[in-house]
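In: Need coordinates for the following:
(one chain, ligands or ions: 1)
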Amino acid sequence: MEMRTAEGLRVLDAERAPGQQPMGAAPKLQVKGVSLSFPQAGGGRVEVLQGVDLSLGEGEFCSIVGPSGCGKSTLLSVISGLIPPDAGSCELDGKPITLGNPAVGYMFQSDTLLPWATALENVRFPLDAVGRKDDGLCLSLLKKVGVGAFAQAYPWQLSGGMRKRVQLARLLAQQPKVLLMDEPFGALDAQTRLLMQEELLRLWDSTGLTVLFVTHDLSEAIALSDRVMLFTNRPGSIKEEYPVPIERPRAIETIVQHPAYNSLFVQVWQSLRKEITLE
Ligand SMILES: Nc1ncnc2c1ncn2[C@@H]1O[C@H](COP(=O)(O)OP(=O)(O)OP(=O)(O)O)[C@@H](O)[C@H]1O
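Out: Below is the predicted model:
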């Protein structure tokens, strides 16, 4: 049974760990045979994705790693409905995903806060778009991500980490079921990045959101995920999947000491480095 908090966020069934599917459960998010090519400047087309199949269970946290330019960001754009694929389909709860579906939250690497709006106004944005007013919800989300005291601040008055927190609150305001995250912490300094990883795990743990997370950082992928998916070189498709056998809850700072961490890191890296070509 689905339960919701006062903020409208889903709460996991207490008897089920995040990512653990009830027997026979249908996938939450499914990508079936997605292929895509782009026109090239000098003529012809470049194949970017080729027959990508992936499936995420409800509440699962999966990461995608792969060589630069293999189509990871493009895949998230296809899943969100921003780019229609040449072939294949993307489904949420068994239904095709259409652009603008609030159940699919998309977090970009770049800073997407509106610079002329306060933190509160930024978080309000998805609600304004559907004519809904609920400042109580927006304020509670800002508090939930640790920036409740900065509701009236403008993005230029906030640090990089605080701006990411506001972006997270804004995503949550649209009450998504799935989060697509494209290297969301890539531009942050190392300490802020660790804090944001902790914050994301805390949020994920309390909401039961299904997360598909793109990163270049293998440590980040292992630390956060239930499963790491490795992409081939372009045209990207899934080469291998690695379940992460590290129990939860996890402490980001001690994860490298876990006996499974090192061998998994080496396994993923050895397979990934074969895909990296220097042009
Ligand atoms: N709109 C577009 N038109 C033409 N080519 C594009 C377009 N978007 C992406 N590409 C090309 O598609 C390929 C995949 O790009 P994409 O950004 O998805 O890769 P990526 O794996 O996310 O890379 P990185 O890890 O470096 O961010 C690249 O060669 C890129 O130049």
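
In: contacts and neighbour counts: CA atoms only from here.
Out: Fine.

In: which SS state does residue 54 fall under?
Out: Of the three states, residue 54 takes strand according to DSSP: H, G, I helix; E, B strand; the rest coil.

In: Quick check: bridge partners of it?
Out: For residue 54, the beta-bridge partners are residue 31 (DSSP bridges).

In: which residues of the stretch 151-279 of the chain fall in strands?
Out: 178-182, 210-214, 227-231, 238-243 (DSSP state E, counting those that start in this stretch).

In: and the longest one, which strands flank it?
Out: Translated: strand 238-243. Sheet pairing of strand 238-243 (DSSP bridges) gives strand 227-231 (antiparallel).

In: Which of the residues in the partner strand are classified as buried?
Out: For strand 227-231, burial by neighbour count (16 or more other Cα atoms under 10 Å) applies to 227-231.

In: Check stretch 80-100 too.
Out: 80-81, 84-85, 88-92, 97-98.

In: Any chance you could list what contacts that stretch?
Out: Residues external to stretch 80-100 that are found in contact with it (Cα atoms under 8 Å, 6 or more residues apart in numbering): 26-37, 51, 74, 77-79, 104, 106, 180.

In: again, only using 7 Å
Out: 27-36, 77-79, 104 (Cα atoms under 7 Å, 6 or more residues apart in numbering).

In: Output the strands of the stretch 151-279 of the chain in a markdown table, with mean pLDDT and distance to residue 56 appended to each entry.
Out: Shown next, in a markdown table, are the strands of the stretch 151-279 of the chain (pLDDT from 0 to 100; distance: least, Cα to Cα, whole Å):
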| stretch | mean pLDDT | distance to residue 56 |
| --- | --- | --- |
| strand 178-182 | 96 | 10 |
| strand 210-214 | 97 | 7 |
| strand 227-231 | 97 | 9 |
| strand 238-243 | 96 | 12 |
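
In: Reformat these as JSON lines; add distance to residue 195.
Out: Listed next are those as JSON lines, based on distance: least, Cα to Cα, whole Å:
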{"stretch": "strand 178-182", "distance to residue 195": "16"}
{"stretch": "strand 210-214", "distance to residue 195": "17"}
{"stretch": "strand 227-231", "distance to residue 195": "21"}
{"stretch": "strand 238-243", "distance to residue 195": "24"}
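
In: Any chance of those in CSV with distance to the ligand as columns?
Out: As requested, the strands of the stretch 151-279 of the chain are exported to CSV (distance: least, Cα to the nearest ligand atom, whole Å):
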stretch, distance to the ligand
strand 178-182, 8
strand 210-214, 8
strand 227-231, 9
strand 238-243, 12
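
In: Quickly note the distance from the nearest residue to residue 192 once chain neighbours are set aside to residue 172.
Out: Sequence neighbours aside, residue 161 is the residue nearest to residue 192 in space, at 5.9 Å (criterion: Cα to Cα, 6 or more residues apart in numbering). Residue 161 sits 17 Å away from residue 172 when distances are taken as Cα to Cα, to the nearest Å.

In: Would you agree residue 73 is in contact with residue 181?
Out: No. Residue 73 lies out of contact with residue 181 (Cα atoms under 7 Å); the separation is 9.2 Å.

In: out of residue 161 and residue 172, which sits in the more crowded spot?
Out: residue 172 (28 against 18; other Cα atoms under 10 Å).

In: who are the neighbours in contact with the more buried one?
Out: With Cα under 7 Å, 6+ apart, residue 172 has no contacts at all.

In: For it, give its distance to residue 131.
Out: Applying Cα to Cα to residue 172 and residue 131 gives a distance of 17 Å.

In: and residue 79, what element?
Out: Taking DSSP states H and E as the definition, residue 79 sits inside helix 72-80.

In: now could you export just the CA positions of that helix as PDB?
Out: Extracted in PDB, the C-alpha atoms of helix 72-80 (Å, rounded to 0.1, in the frame of the first residue of the first chain):
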ATOM      1  CA  LYS A  72      24.200   8.700 -21.200                       C
ATOM      2  CA  SER A  73      22.700  12.300 -21.100                       C
ATOM      3  CA  THR A  74      20.900  11.600 -24.400                       C
ATOM      4  CA  LEU A  75      19.300   8.500 -22.800                       C
ATOM      5  CA  LEU A  76      17.900  10.600 -19.900                       C
ATOM      6  CA  SER A  77      16.500  13.100 -22.400                       C
ATOM      7  CA  VAL A  78      14.800  10.300 -24.300                       C
ATOM      8  CA  ILE A  79      13.400   8.800 -21.100                       C
ATOM      9  CA  SER A  80      12.000  12.200 -20.100                       C
END
